[in-house]
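Engineer: sequence and predicted structure, then a few things I'm wondering about:
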Amino acid sequence: MAKISTYTTDTNVTGGDMLIGTDVDNSNATKNFTVSDLAAYMATNLTNFVPYTGATGSVDLGTNDLSLKSLTVNDGISLTGELYTFGSAGSSGDILVSQGAGLSPQWVDGSLTYVPYTGATANVDLGTYKLSATGVDVKTGPLFVNGSAGTINQILVSQGSGTNPAWQSSPYTYVEYASFYSTQTQSPAPSDPPTAWTYNNTDIANANITIANDGIGNPTRITSALGGVYNIQFSAQLSKTGGTDHKASIWLRKNGVDIPNSNTHITLKANANYAVASWNFFVQLNAGQYAEILWYQDGNIQLLYEPADVVVPHPATPSIILTVQRISGTP
């Protein structure tokens, strides 16, 4: 509306000043209201808007997240909602833990990570203490001492007060034993080469001493999984027929090689039907090595098996009874 030229210009605005305008909704009727009316309207209808300094028209701010390189607050931050980091507000009881320079902090389960010190109001020096427990249960992993879990069959040995214990090879002998026997009559001919005795039955044995087959499938090899010195003792039932003296030779062989100075002769006289050969050998066997008892006879001598007898009661007579015992060695 044009200025009335006969009126003076007044730049002093008061709430009672009258304003004139056009009502766009009612056929361009003339509007007549005060400055106070306009202020009241703005207070009621424009409370949800923040003026944009310098704008000469509507400004579209778009839809964007707040992104800050740093935030400096002097008077504290008051939160009325969740605090998100990496898109998570954490779970109840979590604590916000720094991940170091350049990385966002993360929510961490405080009950699993930290143990509060009740009543502390400042840093607490816990000093150096030993772990005292009624027992340590190791079920799913090795027991490390001085950074080592030891080797198979080592034992943990005290080194005295003030020094850590250490894994060491055991100085003690672990008993290994076995007993085998044969229920077969063994009678090689004089023309045959020296023959190893065979054993087709196990009386008693632990898992480390066994009878293994030789290269042609005969159970002749006295074998141990553990190294040590072994006492090999036997009792053999020898028998012969005929009226002429005959001789048998018995010795020890190790890993296919005859052991020097291990042979003994035994002679069966004419018409002497039975004799017993019984003595023992000491032999060093490393783990996996084997020993065999060899014999040779020059006539009609045999290693005789006899079943039990009910007429003259006695149990069966094995042709060979063999016992093996480790008398020195460590696991």
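Structural biologist: Structure received. Numbering: from 1, shown residues only.
Engineer: alpha carbons only for contacts and neighbour counts from here, please
Structural biologist: Fine.
Engineer: so which residues of the protein form helices?
Structural biologist: Under the criterion DSSP state H, the chain carries helices at the ranges 35-45, 110-113.
Engineer: any idea which of those scores lowest on pLDDT?
Structural biologist: Of all these, the segment with the smallest mean pLDDT is helix 110-113, scoring a mean of 64.
Engineer: domain assignment for the protein?
Structural biologist: Structural domains of the chain, as assigned by automatic domain parsing, span the residue ranges 1-6+15-48, 143-171, 176-328.
Engineer: single out the most deeply packed of these.
Structural biologist: Highest mean neighbour count of the domains of the chain: domain 176-328, a mean of 17 (counted as mean count of other C-alpha atoms under 10 Å).
Engineer: mind checking the pLDDT average for that domain?
Structural biologist: Computed over domain 176-328, the average pLDDT equals 95.
Engineer: show me the residue at the heart of the chain, geometrically.
Structural biologist: When the chain is reduced to its mean C-alpha position, the nearest residue by C-alpha atoms, centre = their mean turns out to be residue 141, at 4.1 Å.
Engineer: quick one: it and residue 166, what's the gap?
Structural biologist: Taking C-alpha to C-alpha, to the nearest Å as the measure, residue 141 falls 18 Å from residue 166.
Engineer: ditto for residue 105
Structural biologist: Relative to residue 166, and taking C-alpha to C-alpha, residue 105 is found at 43 Å.
Engineer: same question for residue 176.
Structural biologist: Taking C-alpha to C-alpha as the measure, residue 176 falls 26 Å from residue 166.
Engineer: so what does residue 76 have for phi and psi?
Structural biologist: When quoted as degrees, to the nearest 10, the phi and psi of residue 76 stand at phi 90, psi 160.
Engineer: residue 15 contacts residue 33, doesn't it?
Structural biologist: No: shown here, residue 15 and residue 33 do not form a contact pair, counting by C-alpha atoms under 8 Å, at 10.2 Å.
Engineer: so who does the closest residue in space to residue 20 that isn't next to it in sequence touch?
Structural biologist: Nearest residue to residue 20, sequence neighbours excluded (C-alpha to C-alpha, 6 or more residues apart in numbering): residue 32, at 4.6 Å. Listed by C-alpha atoms under 8 Å, 6 or more residues apart in numbering, the contact set of residue 32 reads 18-21.
Engineer: before we move on, the earlier item: reformat the domains of the chain as CSV; add distance to residue 85.
Structural biologist: Compiled in CSV, the domains of the chain are given as follows (distance: least, C-alpha to C-alpha, whole Å):
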stretch, distance to residue 85
domain 1-6+15-48, 29
domain 143-171, 39
domain 176-328, 61
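Engineer: show the pLDDT at the residue nearest to residue 20.
Structural biologist: Looking at residue 32, its pLDDT is 81.
Engineer: now it: how far from residue 164?
Structural biologist: As defined by C-alpha to C-alpha, residue 32 lies at a distance of 100 Å from residue 164.
Engineer: which residues in the stretch 101-250 of the chain form strands?
Structural biologist: Remark: strands of the stretch 101-250 of the chain, listed N- to C-terminal, are 106-109, 155-157, 166-168, 176-182, 195-196, 201-205, 209-213, 219-224, 228-239, 246-254; assignment by DSSP state E, counting those that start in this stretch.
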